[in-house]
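**Q** I'd like to go over a predicted model; first the sequence, then the structure.
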Amino acid sequence: MARRAAVLADQADGPTGRHADHLRRALGAVPAVRPLRGAGLAAAARALHRRHEPGRPPRAAGGHGQQRVQPLPAARTAAVPLPGGAVSGVPGWYGKLPALGDFASRRLGPEWIAPWDRWLATGLHQLREAAPDAWLENYLASPAWRFALLPGAMPERAGDGLRVGVLVPSVDRVGRYFPLVVVSDPLPRPADGAHVAALWHWAGLLEDIAVQALQDDWTAEALDAALAAAPLPDFLAADSAVPAPLAALLSQAAWDGLQGCSLWLHDGDRPRVHPALPTGAAFAALFQPNTLP
């Protein structure tokens, strides 16, 4: 977590005058995916505030010291659907990448992005209004969250099946903060414990990929290549352990009672169950690590 926070802080200090010519950059070699989990708030805060130490040169206008969250507009300009057609089984993504200058997406349509964007933008705006001096430190130190959206969790997408994904705090090339989401296509309900275990393991792979995408040498094409190399699991071959509380929540017996809910968890945490998408204090807990158990 500390390394991710340092990456975000460094990216927000980059040049601000470049344009989006990188969208056509050649892919080249795909960086290897390495797990980057662990650490905590104190280390992340040090990574952020090291740039305010005496003797450091003044920050250029537009750096992360201005604590810019992507503003909440009346109607956000649509994310740029980057070149590349839909690939069956490859998760979609939406949000900010340090290598890009604005919102971008792949394999997620506006009918899914719009409600998700409103939910995140509204919640982040409220966090900044409530704690203007602390929200960025909390945001940078927040964990990557694996989630499961059950049918009805997004009312605008009530016909969806189960979606599994990961949410990580991110920033764009010009220092505007907004998370990155990687999410599956609609999936069938889990058939048994092995199915749940396979999904849990796969979500961990998505988490590692999403965190690696915060490096400035990870283009959108590199992210897509990594996701394409982590296809949906063969449920019959699942050999990954899954936390018992999660297995119980996603079991067939509990399925009907969870319709319209979303499940959220990170390493070492028990699943959090919310009606629809979390709002208010539940949303704040996603981006305020000091509220985590």
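**A** Structure's in. What do you need? Note that the structure is predicted; figures quoted are calculated from it, not measured.

**Q** can you get me a residue count around the nearest residue to Arg173 once chain neighbours are set aside?
**A** Excluding the flanking residues, the one nearest Arg173 by CB to CB, 6 or more residues apart in numbering is Gly101, at 4.7 Å. Placement of C-beta: from N, CA and C, glycine included. For Gly101, the count of nearby residues is 19 (other CB atoms under 10 Å).

**Q** over to the one 4 residues further on?
**A** Here the count is done by other CB under 10 Å, and Ser105 has 21 residues near it.

**Q** right, and it touches Trp93 too?
**A** Yes - between Ser105 and Trp93 a contact is recorded at 6.5 Å, counting by CB atoms under 8 Å.

**Q** wait, a strand at the residue nearest to Arg173?
**A** No - counting by DSSP: H, G, I helix; E, B strand; the rest coil, Gly101 is not part of a strand but coil.

**Q** I'd say it and Asp172 touch.
**A** Yes - taking contacts as CB under 8 Å, Gly101 lies within contact range of Asp172: 5.9 Å.

**Q** now the element after the helix or strand where His274 lies, going C-ward?
**A** Taking DSSP states H and E as the criterion, His274 maps to strand 272-275. Next in sequence after strand 272-275, counting helices and strands by DSSP H and E, comes helix 280-286.

**Q** list the contacts of that next one.
**A** 123, 126-127, 130, 142, 145, 167, 264, 272, 274, 277-278, 291-292 (CB atoms under 8 Å, 6 or more residues apart in numbering).

**Q** just name the closest of the residues you listed to Leu206, please.
**A** Leu167 (10.2 Å; CB to CB).

**Q** in the sheet, who's paired with the closest one?
**A** Trp145, Val181 (DSSP bridges).

**Q** okay, now it: neighbour count?
**A** 25.

**Q** before we move on, what SS does Gly165 have?
**A** With three-state DSSP as the criterion, Gly165 reads strand.

**Q** that one reaches Trp145, doesn't it?
**A** No - between Gly165 and Trp145 there is no contact under CB under 8 Å: 9.1 Å.

**Q** which one's more surrounded, these two?
**A** Trp145 (23 against 20).
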